[in-house]
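J.: I would like to see how this sequence folds:
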Amino acid sequence: MTNDTFNQLLATHRDRVFTQALFSLRERRDAEDVTQEAFLRLWRQGGHLPADRVAPWLAHVTRNLCIDQCRRRSAARRHLGVADPEALEGLATAPGGADDPFTGLDLDDRQRRLLDALQTLPAETRTVMLMHYGDGTKLADIADGLGKSLSAVKVQVHRARLRLRLALGTADGASEQEGLA
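T.: Below is the predicted model of the structure:
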């Protein structure tokens with residue numbers, strides 16, 4: 001892979017990868033680390049990845065790196081002890097915080113409820129839903145990137161939509177689809 005090719009891929013996909021990491025991790029520094037590692041792994045691929053598979057591959061790698069980061073956090077809490085409850089209480093009173101990817105966005109109550117409902121989904125399912133409805137990625141491309149069959153991804157999306165309907169208390173799926181578009 002040439003430097004120019006890599007720089008073009010970086011410019012094209014950097015914001016999406018960072019946003020996905022920030023949405024999952026909720027900490028800017030960790031999201032920056034995950035983004036850097038994802039693109040380092042892309043560089044190591046050495047151009048062996050077809051251009052049409054870069055986006056789903058990066059989403060898959062980013063999701064796995066976020067899972068690893070969450071595991072490291074959990075291990076650190078187990079080994080280093082529990083955080084000060086008063087400090088945690090202070091964080092809870094400041095919704096979102098500076099590292100909230102949705103800070104500064106004018107979201108209505110329906111959109112906020114949708115984002116909260118998305119957080120109840122498993123990490124991979126949330127990533128699939130955001131890629132499909134948020135980025136407009138085709139289900140076939142998502143399936144390729146995750147190494148799953150198309151039917152498995154379709155079932156995953158269907159079940160996620162049902163869970164979102166229940167979480168949002170809607171009879172039809174129109175509200176969550178509008179919010180994701």
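J.: Could you list the low-confidence segments of the protein?
T.: Regions of the chain meeting the criterion pLDDT under 70 cover residues 75-108, 135, 170-181.
J.: mind giving me the domain ranges of it?
T.: Taking automatic domain parsing as the criterion, the chain consists of the domains 1-94, 105-181.
J.: so can I have JSON lines of those showing mean neighbour count?
T.: Any C-beta I mention is one placed from the backbone N, CA and C, and that applies to glycine too. As requested, the domains of the chain are arranged in JSON lines below (neighbours: other C-beta atoms under 10 Å):
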{"stretch": "domain 1-94", "mean neighbour count": "15"}
{"stretch": "domain 105-181", "mean neighbour count": "16"}
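J.: Find the nearest non-adjacent residue to F18, please.
T.: Taking C-beta to C-beta, 6 or more residues apart in numbering, and ignoring the residues beside it in sequence, F18 has T35 as its nearest neighbour in space, at 4.6 Å.
J.: Please tell me I have it right and the one you found contacts T19.
T.: No: shown here, T35 and T19 do not form a contact pair, counting by C-beta atoms under 8 Å, at 9.3 Å.
J.: Show the contacting residues for L10.
T.: Contact criterion C-beta atoms under 8 Å, 6 or more residues apart in numbering gives F39 as the residues in contact with L10.
J.: That one: which element?
T.: Assigned by DSSP states H and E, L10 falls within helix 3-25.
J.: quick one: the helices in this protein?
T.: Along the chain, counting by DSSP state H, helices occupy 3-25, 28-45, 54-80, 85-93, 109-118, 123-129, 139-146, 150-168, 174-180.
J.: relative to helix 139-146, how tilted is the longest one?
T.: This points to helix 54-80. An angle of 50 degrees separates the directions of helix 54-80 and helix 139-146 when computed by axes from the mean of the first three to the mean of the last three C-alpha atoms, to 10 degrees.
J.: for the second one, same thing?
T.: Counting by the same axes, to 10 degrees, helix 28-45 points 80 degrees away from the direction of helix 139-146.
J.: So for helix 28-45, could I get the coordinates as CSV, restricted to C-alpha?
T.: These are the backbone C-alpha positions of helix 28-45, laid out as CSV (Å, rounded to 0.1, in the frame of the first residue of the first chain):
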residue,chain,number,x,y,z
ARG,A,28,-12.1,10.6,23.8
ARG,A,29,-8.6,9.4,24.7
ASP,A,30,-9.6,5.7,24.4
ALA,A,31,-11.4,6.4,21.1
GLU,A,32,-8.3,8.1,19.7
ASP,A,33,-6.2,5.1,20.7
VAL,A,34,-8.6,2.7,19.1
THR,A,35,-8.8,4.7,15.9
GLN,A,36,-5.0,4.8,15.7
GLU,A,37,-4.7,1.1,16.3
ALA,A,38,-7.4,0.3,13.7
PHE,A,39,-5.5,2.3,11.0
LEU,A,40,-2.2,0.8,12.1
ARG,A,41,-3.8,-2.6,11.4
LEU,A,42,-5.1,-1.4,8.1
TRP,A,43,-1.5,-0.3,7.2
ARG,A,44,-0.2,-3.7,8.2
GLN,A,45,-2.7,-5.3,5.7
